[in-house]
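Enquirer: what's the 3D shape of this:
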Amino acid sequence: MTTSRDRLRVMYFCEGFTDIRFVVGLSGITELTFVTPAREYRISGLADRIAASGASVKVVEIPGGRPAFQLRSFGYLLRNIAHYDVVLSQEMVRGSLSATIAGRLRGVPVVTYMGVAPLEYFMCRRERGQIGIVKAWAGGAFIRSAMTVNGALATAALGMGPYLRDMAARTSSCPLSGGYYGVDEQLFKPACDPCRPTLRRSHQLPEDKFIIFFSSRISHEKDPETLLRATAVVRDHGIDAVLMNLGGGYEDFLKLALELGLSDCEQWIIGRPAVHPMHDLCEYFQLADVVVQSSLEEGFGLSPLEGLACGTPVVATRVGGMAAHLDGYAQLTPRRDYQAMASAIQWVAEHRGAARAQAAKGREYVLANWTRAKVFNDLKTVLENAAATHPRRDRL
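Expert: Prediction:
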């Protein structure tokens, strides 16, 4: 039987928001200390979720906005990093600069991981007009510099999926592919046909509509405008579709539909807050007719994989990680092309057997490559290999 003393002592250093599934999974394979910005930890609800999970994890909250967090966290790392076998640091930009520099100074291996494409995500702000040309240039230069330094100093760079692995390879001599928290196949699995109306009733959703599920939060790299317009086109073509958004910023999703002037949108758009991802979320993927991920940029794209694991057809934008690993398993459409997305959704509605068959192939792909158990077993190996490069003296 494995005891806590047999486990790696791992610090998970987080610069912003993270997912309860990743923290719980890490706590299952390591003796974990989670270092996090206090504000994000509290407002995201992660503090309550970790407390309710019963996960064995030490949490260190560091207060302050970005500049204060950067300084305080660097001081904390310098004082404490030597107590750990390895540090897993979120992303390859500002936060990881503190971790990789402290790790090099104190002789502790650091593994960075990328869940987003940092430069590409940042430039989506420019595309949306949220930042000007000067800020875009300066921010882009900083991101490139940070990735170069982190790539040089980190023991390994873990990209979530093949797209981000290849991106990490631009600056790291040891790029690897991971899967973040993976897909829990015990939760995300197909529901039998008689069960789907029951699930819809239990969640107060219409039983007789074609339900399009968009599970993402509304942020600058997502493309809700294209999906909203595509749904309006589908409805004009006679499909009685409703569009459901479940996630942070769902109020903005509803507001955006009104701003776009879509006819009777209040009647066919459903917006709700995010639900616990380890409890009820899977049922929304199971009850939907199609899962759609509409994005300007996407690093990995776990929501489409969760949809496929449930045997639900997927339509996604052909960008980033989704283009890298969804081809053949989902209907992929060009970026910002609402007519193409409408056609893909309509194909799913009119060819349900073929769409379900494609999703079934996708489920087999997910089970072979992206299950929760496989992802965390692979991550454990990565951390062990990194720790072996600088073994702790008290473990020899």
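Enquirer: torsion angles phi and psi at the closest residue to Gly182 other than its chain neighbours?
Expert: Closest residue to Gly182 apart from its sequence neighbours, by Cβ to Cβ, 6 or more residues apart in numbering: Val375 at 3.3 Å. (C-beta placed from N, C-alpha, C; glycine too.) With angles defined as degrees, to the nearest 10, Val375 sits at phi -60, psi -50.
Enquirer: how many residues are close by Val375?
Expert: The number of residues packed near Val375 is 21, by other Cβ atoms under 10 Å.
Enquirer: which pLDDT value goes with it?
Expert: On pLDDT, Val375 comes in at 97.
Enquirer: and it, what is it in contact with?
Expert: Neighbour list for Val375: 25, 178-182 [criterion: Cβ atoms under 8 Å, 6 or more residues apart in numbering].
Enquirer: which of those sit farthest apart?
Expert: The distance between the two most remote of the contacts of Val375 (Cβ to Cβ) is 11.3 Å, for Gly25 and Gly178.
Enquirer: quickly list what's touching both of those two.
Expert: Counting by Cβ under 8 Å, 6+ apart, the shared contacts of Gly25 and Gly178 are 375, 379.
Enquirer: so how far is Gln90 from the residue nearest to the spatial centre of the chain?
Expert: By Cα atoms, centre = their mean, the chain has its centre lying nearest to Leu302, at 5.8 Å. Plainly put, Leu302 is 16 Å away from Gln90 if you go by Cβ to Cβ, to the nearest Å.
Enquirer: one more: Gly103?
Expert: For Gly103, the distance to Gln90 (Cβ to Cβ) stands at 14 Å.
Enquirer: more neighbours, those two?
Expert: Shown here are Gly103 and Gln90; by other Cβ under 10 Å, Gly103 has more neighbours (27 against 23).
Enquirer: now that one. Nearest residue, chain neighbours left out?
Expert: With sequence-adjacent residues excluded and distances taken as Cβ to Cβ, 6+ apart, Gly103 is closest to Val110, at 3.8 Å.
Enquirer: could you give the number of residues near that neighbour?
Expert: If you count neighbours by other Cβ under 10 Å, Val110 ends up with 29.
Enquirer: ditto for Val108
Expert: Other residues lying near Val108 total 25 when counted by other Cβ under 10 Å.
Enquirer: and stretch 183-200, what's buried?
Expert: For stretch 183-200, the neighbour count (16 or more other Cβ atoms under 10 Å) marks 183-185, 187-191, 196, 199-200 as buried.
Enquirer: and the contacts of stretch 320-337?
Expert: Stretch 320-337 has contacts (Cβ under 8 Å, 6+ apart) with 117, 120, 160-164, 223, 226, 293, 295-301, 304, 308, 313-319, 340-341, 343-344, 347-348, 355, 358-359, 361-362, 365.
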